[in-house]
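Engineer: need a structure here:
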Amino acid sequence: MKYALLIYGKDDDWTSLSADERNAMYAEYAEVGATKGIVGGAELDAATTATTVRVQDGETLTTDGPFAETREVLGGFFLFEADNLDDAIAVAARIPAARHGSVEVRPLVER
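Structural biologist: Have a look, this model is predicted:
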């Protein structure tokens, strides 16, 4: 089964870190990325760079930024192939954002 490990945090928290702190955290993310079973992933740009798209009555509507006003935003993800949810949770717990934000573990629908 494949799981999306969705990484949530506050954009301001990241920018408030020193360069050394960010580099140390990037090293932790790289370690998680090298974990057996990780099959992809990426860091996302700040939520302020997002564009939300909707189609209403056949018309495409766009809004700058994320739709929802929220304290934590999706900042990145890993795709992890594992035998069970417990293994996915163990990897999610190693992601630095789990200490100061959250990591949502969600199974992918495979057809």
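
Engineer: C-alpha only now, for contacts and for neighbours.
Structural biologist: Will do.

Engineer: could you show me where the helices are in this protein, in order?
Structural biologist: Here the chain has its helices, by DSSP state H, at 11-15, 19-33, 85-94, 97-100.

Engineer: can you pull the buried residues of the least confident helix or strand in the chain by mean pLDDT?
Structural biologist: None of the helices or strands of the chain scores lower by mean pLDDT, DSSP states H and E than helix 11-15, at a mean of 78. Neighbour counts over helix 11-15 (16 or more other C-alpha atoms under 10 Å) mark Asp11 as buried.

Engineer: List the contacts of it.
Structural biologist: Residues from elsewhere that reach helix 11-15 (C-alpha atoms under 8 Å, 6 or more residues apart in numbering): 22, 46-47, 72-73, 75.

Engineer: Tell me which of the residues you listed fall in strands.
Structural biologist: 73, 75 (DSSP state E).

Engineer: Of the contacts of helix 11-15, which is the most crowded?
Structural biologist: With neighbours defined as other C-alpha atoms under 10 Å, the most crowded of the contacts of helix 11-15 is Val73; it has 20 neighbours.

Engineer: low pLDDT regions in the chain?
Structural biologist: 66-70 (pLDDT under 70).

Engineer: Send me the least confident helix or strand of the chain as PDB with only the CA atoms.
Structural biologist: Provided in PDB are the C-alpha atoms of helix 11-15 (Å, rounded to 0.1, in the frame of the first residue of the first chain):
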ATOM      1  CA  ASP A  11       5.300  29.400   6.700                       C
ATOM      2  CA  ASP A  12       6.400  32.000   9.300                       C
ATOM      3  CA  ASP A  13       8.000  29.300  11.500                       C
ATOM      4  CA  TRP A  14      10.300  28.300   8.600                       C
ATOM      5  CA  THR A  15      11.400  31.800   7.700                       C
END
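
Engineer: start at 13 instead
Structural biologist: New numbering, starting at 13: the last item is helix 23-27.

Engineer: How far away from the center of its chain is that helix?
Structural biologist: A distance of 14 Å separates the centroid of the chain from that of helix 23-27, by C-alpha atoms, centre = their mean, to the nearest Å.
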